[in-house]
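Chemist: Next input, structure requested:
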Amino acid sequence: MKFNATILLVEDDKINQQVATAVLERMGCSVTVAENGQVALDCFEAANFDLILMDCQMSVMDGFEATRRIRALESVALLEDAASFCRIPIIALTANAIQGDRERCLAAGMDDYTTKPLDPERLVRLIEAH
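Modeler: Numbering: from 1, shown residues only. Have a look, this model is predicted:
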């Protein structure tokens, strides 16, 4: 499956960045990498993305806080221009797969959840869904 999507990949591990970027680029996606939540916020404010893949556990600012801040920025944008507002899908990336993690991601404002290492087939399904 080929996508023409612009993805913000928020991931602090260099190897995970390389693997995820390679998988996404093979799918036809354009990828911007942010190494923590603060950089992700800066990227979000500077450019338009079709989807964000958000690592949950990072230094500087974790994915949960970054997601809450992105949703807050979107709330302001919605109030300012509801006609052109578009909520960006955020998919959590986490090495944790314990009970309650998915719910915690959704409660923070993320739209979906997948575990690492990335499963390319699941990633295709998630991108298609969002």
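
Chemist: how many neighbours does the closest residue to Glu74 other than its chain neighbours have?
Modeler: Leaving aside its sequence neighbours, Glu74 sits nearest to Arg87 (CB to CB, 6 or more residues apart in numbering; 5.9 Å). Using the backbone N, CA and C atoms, a C-beta is placed for each residue, glycine as well. Using other CB atoms under 10 Å, Arg87 is surrounded by 13 other residues.

Chemist: how near is Arg87 to Arg122?
Modeler: 22 Å (CB to CB, to the nearest Å).

Chemist: One more: Val23?
Modeler: 11 Å.

Chemist: what does Arg69 give?
Modeler: Distance from Arg69 to Arg122, by CB to CB: 27 Å.

Chemist: Who has more neighbours out of these two?
Modeler: Neighbours were counted for Arg69 and for Arg122 using other CB under 10 Å; Arg69 has more, 17 against 12.

Chemist: Read off the pLDDT value for the more buried one.
Modeler: pLDDT, Arg69: 95.

Chemist: leaving aside the residues next to it on the chain, what's closest to it?
Modeler: Leu41 (5.7 Å).
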